[in-house]
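Asks: I'd like to go over a predicted model; first the sequence, then the structure.
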Amino acid sequence: MLKPLGDRVLVEIVEDTETKTAGGLYVPDSAKEKSQRGRVVAVGNGKVLENGTRMAVEVNVGDVVYFAKYGGTEVTLEGKNYSLLAERDILAIVE
Amino acid sequence: MLKPLGDRVLVEIVEDTETKTAGGLYVPDSAKEKSQRGRVVAVGNGKVLENGTRMAVEVNVGDVVYFAKYGGTEVTLEGKNYSLLAERDILAIVE
Amino acid sequence: MLKPLGDRVLVEIVEDTETKTAGGLYVPDSAKEKSQRGRVVAVGNGKVLENGTRMAVEVNVGDVVYFAKYGGTEVTLEGKNYSLLAERDILAIVE
Amino acid sequence: MLKPLGDRVLVEIVEDTETKTAGGLYVPDSAKEKSQRGRVVAVGNGKVLENGTRMAVEVNVGDVVYFAKYGGTEVTLEGKNYSLLAERDILAIVE
Amino acid sequence: MLKPLGDRVLVEIVEDTETKTAGGLYVPDSAKEKSQRGRVVAVGNGKVLENGTRMAVEVNVGDVVYFAKYGGTEVTLEGKNYSLLAERDILAIVE
Amino acid sequence: MLKPLGDRVLVEIVEDTETKTAGGLYVPDSAKEKSQRGRVVAVGNGKVLENGTRMAVEVNVGDVVYFAKYGGTEVTLEGKNYSLLAERDILAIVE
Amino acid sequence: MLKPLGDRVLVEIVEDTETKTAGGLYVPDSAKEKSQRGRVVAVGNGKVLENGTRMAVEVNVGDVVYFAKYGGTEVTLEGKNYSLLAERDILAIVE
């Protein structure tokens, strides 16, 4: 497994067919080719501020998140698709 | 529903036909193709400053806002059109 | 009406014919096609500094200002032309 | 007249023929087409620092200054040529 | 041997054939040409913050890390392949 | 004469023929067309830091300096060639 | 001789033939045309932080360093080749 560094977050990608029924979330046609949702499986220790403290990331393991189309790095671990995302590329939590 | 992260704001887009009669707001012809107004339905916890505190966003749920033409991410939730906007892309509150 | 956010300022554009007689202000020929002057009708709460305080904008409602040629967003409200400008795009107060 | 905002400075442009005899200042041939000197006629309140204080500009009304070739905004007031310059575009005081 | 400066990290590159069996980590086909994994063999003293303190890097000697495809400088020391990476180019620790 | 503003420095350019015998300094062939050395004749008050203090420049009047090939503004004063340089464009003091 | 300013470092370039036998350091073929190693002969006083203090550079006179391929300014002093490098362009100390 991967332990993200800094303010990075490891997200297991959720395919569109699954999320539509659960949360009723749809994206415009142009974005349907690639899922922008996933479940948080690991979070980094947070970004270092100029005063030397770390700011914890806003999401927690288990959250389903909606992330930006570009920005993350895709990795495959034991057959599952993940994305390593910087916190700023996660737009919202799907409730 | 989506819970925005950081200084992001979820706005339900208000089509032009509705706003014109209510607030008397018009935009130049070149901008009429796509509405730049919406109702705030959820707000993030705010931007993290370098001293580690979060700065609450200036808009509240229920506000009708006028936002920049480019910058937000469009999402469709249960048939309604929304935009996920960073606070800096919201220009003004429509009163 | 619009309530500007952050350090934005709402300015009602003053056409060139009016300002020339009042304040004696002329702009070079190349800039005459579009007015760069207006009356401030609403101001935002100011920019947030990194220490968490807001810095009030330097202009007040009623000021006639000279603003940069590019940068603002034009809006039309009940037949009048306005520009939503960031404070940094306002160059001077016309006295 | 114009009251500059922030760290901006209003400079009345001094044509080359006048300055040469007074201060002995010459610029290379390639820059002679447009004067880079002027007299300060008004100064802004200064730039806002991140700690919330304003930093007064280094030049005073009456100073003759040498400014960068590009950067200012030219305005004509009652037949005289001025430039509205950010403080960083003023390179030196002509003594 | 090399002692990295600032927030740089020296990583001995681990070829793909080795890592797949150990941690089950796979990368998409397009990234397989060049390994993005390595073992940390030396770390710098960390980045200097604006308050004058150094922030220790998050990884330690011995950690196996997953790093960004672009960003590091490759060096060969006594027949082994290394990469000198800035901390921000290391995405995660492989556990 | 010119009094530099901010962290700017006024340098009288020293032609290559003179410096070679004095300090033994040579530059690669490709840079020989234009001198990168000069004597400091005036210094500004220094750069303003975000805490409101000014940081004195590192060079003093009389220092012979080696400066970057690009960055300064050339001026001619009473037949002599000068360059107005930002402190960051001065690379070293020639001892 | 040159006294570097700010966080700059003066490095006497070490040709590849010499370093290979001493420290066993090799660089990939594509980088062999130009050496990226040198001995530190002079260091600046360090970078000024926003709180007004200077941060000493991490390398000392006598250190053999490995530096980035691009970034420094080459100078020739009494027949020897040097590079004036900003501290951030020095990647590691060769031990």
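Replies: Looks like it came in fine.
Asks: show the contacting residues for the residue in chain A positioned nearest to chain G.
Replies: Across chain A, no residue is closer to chain G than A:Glu50, which sits at 8.5 Å (Cβ to the nearest Cβ). (Glycine included, C-beta is placed from N, CA and C.) Contact partners of A:Glu50, counting by Cβ atoms under 8 Å, 6 or more residues apart in numbering or on different chains, are B:50, E:49-51.
Asks: so which of those is the closest to D:Ile13?
Replies: E:Glu50 (39.6 Å; Cβ to Cβ).
Asks: part of a helix, is that closest one?
Replies: No: the secondary structure assignment for E:Glu50 gives coil rather than a helix, going by DSSP: H, G, I helix; E, B strand; the rest coil.
Asks: my guess is A:Lys3 meets E:Tyr66, correct?
Replies: No: checked against Cβ atoms under 8 Å, the pair A:Lys3 and E:Tyr66 is beyond contact range at 9.6 Å.
Asks: anything in contact with each of these two?
Replies: Common neighbours of A:Lys3 and E:Tyr66, counting by Cβ under 8 Å, 6+ apart, are E:92-93.
Asks: worst-scoring helix or strand of chain A, pLDDT-wise?
Replies: Taking mean pLDDT, DSSP states H and E as the measure, chain A has helix A:16-23 as its least confident helix or strand, at a mean of 50.
Asks: tell me where the model's unsure across chain A.
Replies: Applying pLDDT under 70 to chain A flags residues A:17-33.
Asks: pull the contacting residues for the residue sitting furthest away from the middle of chain A.
Replies: Among the C-alpha atoms of chain A, the one most distant from their mean position (Cα atoms, centre = their mean) is that of A:Asn51, at 27.0 Å. Contacts for A:Asn51 (Cβ under 8 Å, 6+ apart) come out as B:50-52, E:49, E:51.
Asks: hang on, A:Val59 is in a helix, isn't it?
Replies: No: using three-state DSSP, the assignment for A:Val59 is coil, not a helix.
Asks: that one reaches A:Val43, doesn't it?
Replies: Yes: the criterion here is Cβ under 8 Å, and A:Val59 meets it with A:Val43 at 6.4 Å.
Asks: returning to what we had before: between A:Lys3 and E:Tyr66, which is the more surrounded one?
Replies: The neighbour count for A:Lys3 versus E:Tyr66, taken as other Cβ atoms under 10 Å in any protein chain shown, is higher for E:Tyr66 (24 against 19).
Asks: any idea how far A:Arg37 lies from A:Val59?
Replies: In this view, A:Arg37 and A:Val59 are 13 Å apart by Cβ to Cβ, to the nearest Å.
Asks: spatially nearest residue to the residue most central in space within chain A, not counting backbone neighbours?
Replies: What sits nearest the mean C-alpha location of chain A, by Cα atoms, centre = their mean, is A:Val11, with 4.2 Å. Computed as Cβ to Cβ, 6 or more residues apart in numbering or on different chains, the closest residue to A:Val11 that is not its neighbour in sequence is A:Gly38, at 3.5 Å.
Asks: which strand residues bridge that neighbour?
Replies: Each beta-bridge partner of A:Gly38 is listed here, defined by DSSP bridges: A:Ile13, A:Val65.
Asks: overlap in contacts, A:Arg37 and A:Val59.
Replies: Taking Cβ under 8 Å, 6+ apart as the criterion, A:Arg37 and A:Val59 both touch A:Val65.
Asks: I figured A:Gly46 hits A:Val57, correct?
Replies: Yes: in terms of Cβ under 8 Å, A:Gly46 counts as a neighbour of A:Val57; the distance is 5.4 Å.
Asks: of these two, which one has the most company?
Replies: Neighbours per residue, other Cβ under 10 Å: of A:Gly46 and A:Val57, the larger number sits with A:Val57, 21 against 17.
Asks: list the residues that contact that one.
Replies: The contact partners of A:Val57, taken as Cβ under 8 Å, 6+ apart, are A:7, A:9, A:43-44, A:46-47, A:87.
Asks: hmm, try it at 10 Å
Replies: Under the criterion of Cβ atoms under 10 Å, 6 or more residues apart in numbering or on different chains, the contact partners of A:Val57 comprise A:4, A:6-9, A:40, A:43-47, A:86-87, A:90, B:5.
Asks: how much space between it and chain C?
Replies: Look at A:Val57 and chain C: by Cβ to the nearest Cβ, to the nearest Å, they are 20 Å apart.
Asks: okay, that residue and A:Leu91: tell me how far apart.
Replies: Separation of A:Val57 from A:Leu91 (Cβ to Cβ) stands at 14 Å.
Asks: are there residues contacting both of the two? Which ones?
Replies: Contacts common to A:Val57 and A:Leu91, judged by Cβ under 10 Å, 6+ apart, are B:Leu5.
Asks: I figured A:Gln36 was touching A:Leu91, is that so?
Replies: Yes: with contacts defined as Cβ atoms under 10 Å, A:Gln36 counts as touching A:Leu91 at a distance of 8.3 Å.
Asks: common neighbours of the two, please.
Replies: By the contact definition Cβ under 10 Å, 6+ apart, A:Gln36 and A:Leu91 are jointly contacted by A:65-69, B:73, B:75.
Asks: show me which of those residues is closest to chain C.
Replies: Within the set of these, B:Thr73 lies nearest chain C; the separation is 19.2 Å, counting by Cβ to the nearest Cβ.
Asks: and the nearest residue to that closest one once chain neighbours are set aside, backbone torsions?
Replies: Among residues not flanking B:Thr73 along the chain, B:Leu84 sits closest, at 4.6 Å (Cβ to Cβ, 6+ apart). Note on B:Leu84: backbone dihedrals following degrees, to the nearest 10 are phi -100, psi 110.
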